[in-house]
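compute the structure for the input listed below.
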Amino acid sequence: MKKIIPFSFYFLNYAAFASLLPFFVIFYKSLGFNGTQIGLLTGIPPLITLVGAPFGTGLADKTHRHKLIMSLGLAVAIVISILLPNVSTFMVVFGLIITFNIFMSPVGSLSDSATMTMLGEQKEMYGRVRMGGTIGWGIFAQIAGILFALFGVKILFYVFSAITLVNLVVAQKFSFGAHEAHDPKSGTIWMLLQNRRWIIFLSFAFLGGIGAFSVAAYLSSYLQEMGANGNQIGFAFLVATVTEIPVFFFGNLLVKRFGAYGLFVIALVLIGVRSLLFGMAGNLFLAILVQGVGGAIFPAMWLAGVAYADQHAPAGLKSTAQGLFGAMTFGFGAAIGGFVGGLLLENVGGRQMYFIFGIVILVGLALIEGIKRILPNEAPLLS
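Next up is the predicted model:
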């Protein structure tokens, strides 16, 4: 049970988002929204995550209402996904999207926290449990494409709501463990943010978010520049999904071999290298090859980051720690990557955009690591 519940949750959660997330922009276009409106609807959610994830997880740790906050997030998502296909005014859609992201932003981090708790002495098996999300995404991305072709985009909102309803039931089986007393020296999110160990870790996570989101958001446009058609773009995403599976499956061995911090840094370096290779790829074949091999990088970064956050979270702040990691990666990092990436894509093209991101990520990693080594050892070093 300690593995099947979180595995099922991840499978259903990513299946739901695979059924809808890739089609949001198409939905916005179908309503006649202009580029500025679509940009707001696409760019604001990461900023919501930046605030909502640590707030929601912090509230859960403070009140010990982890399951209630997770359930509320899923329930609100279900209601909004039913309402969205039936509205067409920009301000109403914008309000619903904002509300959706506020309530859903802590759900992923809470599920990671519960999973690590339920695994107990087998925390290194997180990757195999999280693999359920990759499988769910891979299967339902294909199903969603077929449904979209047959019935149009609105049907996908109802698919999302149906899958999420089932997942709401599954979430009731999560266990967050016994309530821990807060460490009096590190008992609030603000104290956590003053810890040198965490500042460095979150700075690394920010760079990882830039690299990961730039691929998620702009790979299709980049591949189109390289001459790819729709089938080739779909194949590129499929290949990356397939290469994620073995990394999640053998993630326990990778964490054991390199340590959570070691694997995290290795993955971040490879994310920077991947961006450089996208910039240097001279043809579509090489671009898809980089994408396929690169699909193994994000799961390594994510499982290492989750493991590190769990290992070094102060007592009583396990969920808060996961929320901060998620917020810095898919909140701040994704927002900067999305905004700057859009400007670079328009002005210099996809190849140069990725090349610039690669340089920024690798130089940033070197600077942070250098600062870590130079500063006085006033707090425990990352290890």
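
right, and the helix or strand after the lowest-mean-pLDDT helix or strand in the chain?
Of all helical and strand segments in the chain, the minimum by mean pLDDT, DSSP states H and E falls on helix 189-193, at a mean of 67. Sequence order places helix 196-225 as the next helix or strand after helix 189-193, per DSSP states H and E.

how is this structure carved up into domains?
1-176, 192-375 (automatic domain parsing).

just put those in JSON lines and tack on mean neighbour count.
Any C-beta I mention is one placed from the backbone N, CA and C, and that applies to glycine too. Output for the domains of the chain, formatted as JSON lines (neighbours: other C-beta atoms under 10 Å):
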{"stretch": "domain 1-176", "mean neighbour count": "19"}
{"stretch": "domain 192-375", "mean neighbour count": "20"}
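
all helices for the stretch 201-350 of the chain, in order.
In the stretch 201-350 of the chain, the helices defined using DSSP state H, counting those that start in this stretch lie at 230-249, 251-258, 260-280, 284-294, 297-312, 318-327, 334-348, 350-374.

can you show me the CA trace of the third one as PDB?
Read that as helix 260-280. C-alpha atoms of helix 260-280 as PDB (Å, rounded to 0.1, in the frame of the first residue of the first chain):
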ATOM      1  CA  ALA A 260      21.100  13.500  -3.400                       C
ATOM      2  CA  TYR A 261      23.200  16.700  -3.700                       C
ATOM      3  CA  GLY A 262      25.700  15.100  -6.100                       C
ATOM      4  CA  LEU A 263      23.000  13.800  -8.400                       C
ATOM      5  CA  PHE A 264      21.300  17.100  -8.300                       C
ATOM      6  CA  VAL A 265      24.300  19.000  -9.400                       C
ATOM      7  CA  ILE A 266      25.200  16.500 -12.100                       C
ATOM      8  CA  ALA A 267      21.600  16.800 -13.500                       C
ATOM      9  CA  LEU A 268      21.800  20.600 -13.500                       C
ATOM     10  CA  VAL A 269      25.100  20.600 -15.400                       C
ATOM     11  CA  LEU A 270      23.600  18.300 -17.900                       C
ATOM     12  CA  ILE A 271      20.600  20.600 -18.300                       C
ATOM     13  CA  GLY A 272      22.900  23.400 -19.100                       C
ATOM     14  CA  VAL A 273      24.800  21.200 -21.600                       C
ATOM     15  CA  ARG A 274      21.500  20.100 -23.200                       C
ATOM     16  CA  SER A 275      20.600  23.700 -23.800                       C
ATOM     17  CA  LEU A 276      24.000  24.300 -25.500                       C
ATOM     18  CA  LEU A 277      23.500  21.200 -27.600                       C
ATOM     19  CA  PHE A 278      20.100  22.500 -28.700                       C
ATOM     20  CA  GLY A 279      21.800  25.700 -29.800                       C
ATOM     21  CA  MET A 280      24.500  23.900 -31.700                       C
END
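
pLDDT weak spots in the stretch 151-300 of the chain?
Applying pLDDT under 70 to the stretch 151-300 of the chain flags the ranges 178-194, 230.

do that again at 90, thanks
151-153, 175-200, 213-256, 282, 291-296, 298 (pLDDT under 90).

spit out the contact partners of G209.
G209 is in contact with M328, T329, F330, G331, F332, G333, A334, I336, G337, counting by C-beta atoms under 8 Å, 6 or more residues apart in numbering.

which strands or helices does the helix or strand where F103 lies pack on?
Element membership for F103, per DSSP H and E: helix 90-104. Where contact means 3 or more C-beta pairs under 8 Å, 6 or more residues apart in numbering; DSSP states H and E, helix 90-104 is packed against helix 35-63, helix 66-83.

rebuild these as JSON lines, extending it with distance to G342.
Converted to JSON lines, the helices and strands packed on helix 90-104 look like this (distance: least, C-beta to C-beta, whole Å):
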{"stretch": "helix 35-63", "distance to G342": "7"}
{"stretch": "helix 66-83", "distance to G342": "26"}
